[in-house]
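Student: Sequence and predicted model, in that order:
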Amino acid sequence: MNNGFLDSTKKQFEYYKLLGEKTFDQISDIQINWQYNAESNSIAIIVKHLTGNMLSRWTDFLTTDGEKEWRNREGEFEGEIESKTQLLEVWNKGWNCLFYALDSISDEDLDKIIYIRNQGHTVMEAINRQLAHYPYHVGQIVFIGKMLLDENWQTLSIARGKSSTYNAEKFSKEKQKGHFTDEYLGKK
């Protein structure tokens with residue numbers, strides 16, 4: 001029986017990937033490495049960390065531990081990415097790995113046990129773990145973009161002061177079946 005969990009999960013991941021990309025569209029090559037202070041991460045560092053995590057968690061995830069021996073987590077927080085083109089290459093490498101893994105499983109796999117740092121998780125728990133982790137970091141990317149662009153920031157959601165107009169437009173239509181991200185992903 002298809003419960004829709006995997007489809008819903010993929011849409012959630014696609015939505016957060018899109019938020020990151022809409023932020024990248026607004027910033028310059030120089031801004032990808034901006035840090036508020038020495039203890040904070042730049043957008044480039046966050047992207048390197050997300051990609052490192054994705055590659056480790058989702059490569060052969062049904063048969064090997066999600067924390068791969070070849071992962072250099074500390075290295076994810078060092079060095080710079082030199083351009084947005086390079087940033088997108090790194091970004092897409094991680095997301096492609098994630099989506100390939102999700103496309104390779106079915107609802108029957110959701111109760112299988114996999115391991116992350118030797119701790120057992122069902123596949124569903126592992127997916128939910130990352131569905132909390134990745135949006136956390138995408139939110140950081142968006143926040144940094146907003147700080148960098150200040151009044152030039154183009155909102156990725158309902159603009160401040162526009163909630164009533166937005167809601168009036170939504171409630172003027174018939175109820176629609178579908179996922180909230182369909183609109184953002186160009187699927188409706």
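Tutor: Structure received.
Student: quick one: low-confidence ranges for the chain?
Tutor: 1-2, 178-188 (pLDDT under 70).
Student: quick check: longest helix of it.
Tutor: helix 123-149 (DSSP state H).
Student: and the helix or strand that comes right after it, how far out from the chain's middle?
Tutor: For helix 123-149, the following helix or strand on the C-terminal side (DSSP states H and E) is helix 163-171. Put simply, helix 163-171 sits 27 Å off its chain's centre (C-alpha atoms, centre = their mean, to the nearest Å).
Student: ok, residues contacting helix 163-171?
Tutor: I158 (C-beta atoms under 8 Å, 6 or more residues apart in numbering). All C-beta spots, glycine's among them, are computed from the backbone N, C-alpha and C.
Student: ranges for the strands of this protein?
Tutor: Listed in chain order, the strands of the chain (DSSP state E) span 113-116, 119-122.
Student: from those, which stretch is densest packed?
Tutor: strand 113-116 (a mean of 16; mean count of other C-beta atoms under 10 Å).
Student: how far away is D107 from K170?
Tutor: 31 Å (C-beta to C-beta, to the nearest Å).
Student: L102 too?
Tutor: L102 is 29 Å from K170, by C-beta to C-beta.
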